[in-house]
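>>> Give me a 3D structure for the following:
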Amino acid sequence: MTVVKSTIPEAARQVTGDALQSTLVDLLGLSLIGKQAHWNVVGPRFRSIHFQLDEVVTASREFADTVAERSSALGLPPDGRPETIASAFTLPSPKDGWVRDSDVVEVMVEALEAAIGRLRERIEATEKADPVTQDLLITVTAELEKQRWMFDAENWPKDS
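Numbers count the residues shown, from 1 in each chain. Okay, here's the model as predicted:
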């Protein structure tokens, strides 16, 4: 059933829809792992990391809404159901229970790097299919890169 007529050709819509749905899964997953870590972080950097996690969660949730609405605007129903996210989400996550601040930083850097890498692939895939979606994905990537940088700075000086 098609409720909203797309403004782009079907082949482009399919590429764009796949990119948006995968991005939605990553963003909703990032918001969940961010909250999980937020509730369970312990250690001397608790306060700064606790607040930084909230920034990731807020950005992820806001962008998830924007991504889902873009999908809807193209006539593609977004799927943010818990079972969809659980079955499709593959980014690194914190372990259960209390998590040391340094481990939270490490997992957030890894999760953000993985999400950014996938976003860059989607940016390339949507270049011709839908430059409007590509622009949105570029904006999301810029914010996640900023968040990754801020977590990575928590690891300084690095042992190398």
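>>> Can you name every helix or strand that the longest helix belonging to the chain contacts?
What stands out as the longest helix in the chain, according to DSSP state H, is helix 10-40. Secondary-structure packing of helix 10-40 (3 or more C-beta pairs under 8 Å, 6 or more residues apart in numbering; DSSP states H and E): helix 46-73, helix 82-88, helix 101-129, helix 131-153. From N, CA and C alone the C-beta is placed, and that goes for glycine too.
>>> Not counting the next helix or strand after it itself, show me its contacts.
Elements were assigned by DSSP states H and E; along the chain past helix 10-40, the next helix or strand is strand 41-42. If you take C-beta atoms under 8 Å, 6 or more residues apart in numbering as the criterion, strand 41-42 is touched by 49-50, 53, 98-101, 104.
>>> hmm, 10 Å instead?
47-50, 52-53, 94, 97-105 (C-beta atoms under 10 Å, 6 or more residues apart in numbering).
>>> Neighbour-wise, which one of the residues you listed leads?
When neighbours are taken as other C-beta atoms under 10 Å, the top entry among those is Val104 (28 neighbours).
>>> For the closest residue to Ala11 other than its chain neighbours, give its distance to Ala19.
Nearest residue to Ala11, sequence neighbours excluded (C-beta to C-beta, 6 or more residues apart in numbering): Ala129, at 7.5 Å. Distance of Ala129 to Ala19, given as C-beta to C-beta, to the nearest Å: 8 Å.
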